[in-house]
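Asker: Here's a sequence, model it:
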Amino acid sequence: MKIDNFKVEDWFNEYEHWAKYDLADTCVESLSVNELVSLTGADFADILGRKLNYGDIHGSLRLKNAISSLYENQKCENITITHGAIGANQLVMMTLVEPNDKVVSIIPTYQQHYSIPKSFGANVETFYLEEKNNWLPDLEKLEKAVGTNTKLICLNNPNNPTGAVIPDDMLRKIVEIARKSNAYILCDEVYRGLNHIANPFSVSIADIYEKGISTSSVSKVFSLAGLRLGWITAHKSIIDKINIQREYNTISVGVLDDYFASIAIENKDVIIKRNLEKIKIGKDIVKKWIEKEPHISWIEPKGGTTCFVHYDIDMQSYDLCKNLQHDTGVMILPGQTMEMDNYLRIGYGNNFEQLKKALEIFSSWLG
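Answerer: Presented below is the predicted three-dimensional model:
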């Protein structure tokens, strides 16, 4: 099976290790074990007494109960545990997508959503979000793209990299579009829980559509990317099919990963409060910088940890980011890694003094 290079990961592999200022990170400042225990009141003796054997095959009942609390209508039978959201997305596609199936994926998004089905021989149609629409899908154009023969629609909500949040009523209209084709909807909801205003949790696709599949993880919302733990939430009949594929590549997640994820999600309110406070600080820093920087503009993100900024310099984003890091040590992700030139993805979830300094350096470099 041939598959396209993963452009974002290639960029990180080449540039992250020597960056002086990393503005490409998408996480809110990661929690240490001490911080997690302090925030949640977990018992260290309980942690240290755990045997490092195989865990529950599809995830512990405790973990699945905790995850079900993130949804309106989901029970343990609707959930299976995976190696991060990246493993969750791949398992969904391995289960559903066959050669010549039609798959519609939005762009910009995580490259998995179009490169994996393409590698399976699917006919992938990409649907570009536009800045003029505040990075929200044009439903008329989406309906034409989906037609009546689409097998799978791939969304990302809140969106990486733009930070756009699909309103609940718009998401329900997308469901109606999917129903006309009897299509599944895979919604990567890895940033769900980090909406910047009102309820931090948007409605989940799994709660409003019988063929809606939600994928997520503890990486972004819970600042626990090092656990490499995610999940899939969907109708039991879909989960049962996915678990057949899952047996070939997962067995179980680590028992400590399962345990730490359980206590984090059980204490979601305190962790999400902490993370939203950090996001507000970081976004305010970026917003004030953009107001003074004539070469940069944006649509202010409404969710997540990243923004997608437009620049007016006559230079491809690959070249801009290569030259910027070579000259200053500031690492920013080029939009071309997400199929859109003249844009840059900036993360603003941690190390705020570094963020301020790096943006000042970037402005000086832009001239």
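Asker: how about low-confidence regions in the chain?
Answerer: Across the chain, nothing is flagged by pLDDT under 70.
Asker: switch to 90 and redo it
Answerer: Scanning the chain for pLDDT under 90 picks out the ranges 1, 42-50, 55.
Asker: In it, which residue is most central in space?
Answerer: By CA atoms, centre = their mean, the chain has its centre lying nearest to residue 190, at 4.0 Å.
Asker: Against residue 241, how distant is that residue?
Answerer: Per CB to CB, to the nearest Å, residue 190 is found 22 Å from residue 241. In short, each C-beta sits where N, CA and C put it, glycine included.
Asker: next one: residue 205
Answerer: 17 Å.
Asker: Just want to know which of these two has more residues nearby.
Answerer: residue 205 (30 against 16; other CB atoms under 10 Å).
Asker: contacting residues for the more buried one?
Answerer: 155, 157, 171, 175, 185, 187, 189, 212-214 (CB atoms under 8 Å, 6 or more residues apart in numbering).
Asker: ok, 6 Å please
Answerer: Taking CB atoms under 6 Å, 6 or more residues apart in numbering, we find residue 205 in contact with 185, 187, 212, 214.
Asker: Please tell me how far stretch 264-277 is from the chain's geometric centre.
Answerer: 17 Å (CA atoms, centre = their mean, to the nearest Å).
Asker: Take it, keep the C-alpha atoms, and write them as CSV.
Answerer: Extracted in CSV, the C-alpha atoms of stretch 264-277 (Å, rounded to 0.1, in the frame of the first residue of the first chain):
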residue,chain,number,x,y,z
ALA,A,264,-8.4,13.1,34.1
ILE,A,265,-11.8,12.8,32.4
GLU,A,266,-13.5,12.2,35.7
ASN,A,267,-12.1,15.6,36.7
LYS,A,268,-12.7,17.2,33.4
ASP,A,269,-14.1,20.5,34.8
VAL,A,270,-10.9,21.4,36.7
ILE,A,271,-8.6,20.5,33.8
ILE,A,272,-10.6,22.2,31.1
LYS,A,273,-10.9,25.3,33.3
ARG,A,274,-7.1,25.4,33.6
ASN,A,275,-6.7,24.9,29.9
LEU,A,276,-9.2,27.5,28.8
GLU,A,277,-7.5,30.0,31.0
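Asker: in which helix or strand would I find residue 232?
Answerer: According to DSSP states H and E, residue 232 maps onto strand 230-233.
Asker: From residue 187, how far out is residue 211?
Answerer: Taking CB to CB, one finds residue 211 at 11 Å from residue 187.
Asker: Could I get the full set of strands for the stretch 151-300 of the chain?
Answerer: 184-188, 212-217, 230-233, 296-297 (DSSP state E, counting those that start in this stretch).
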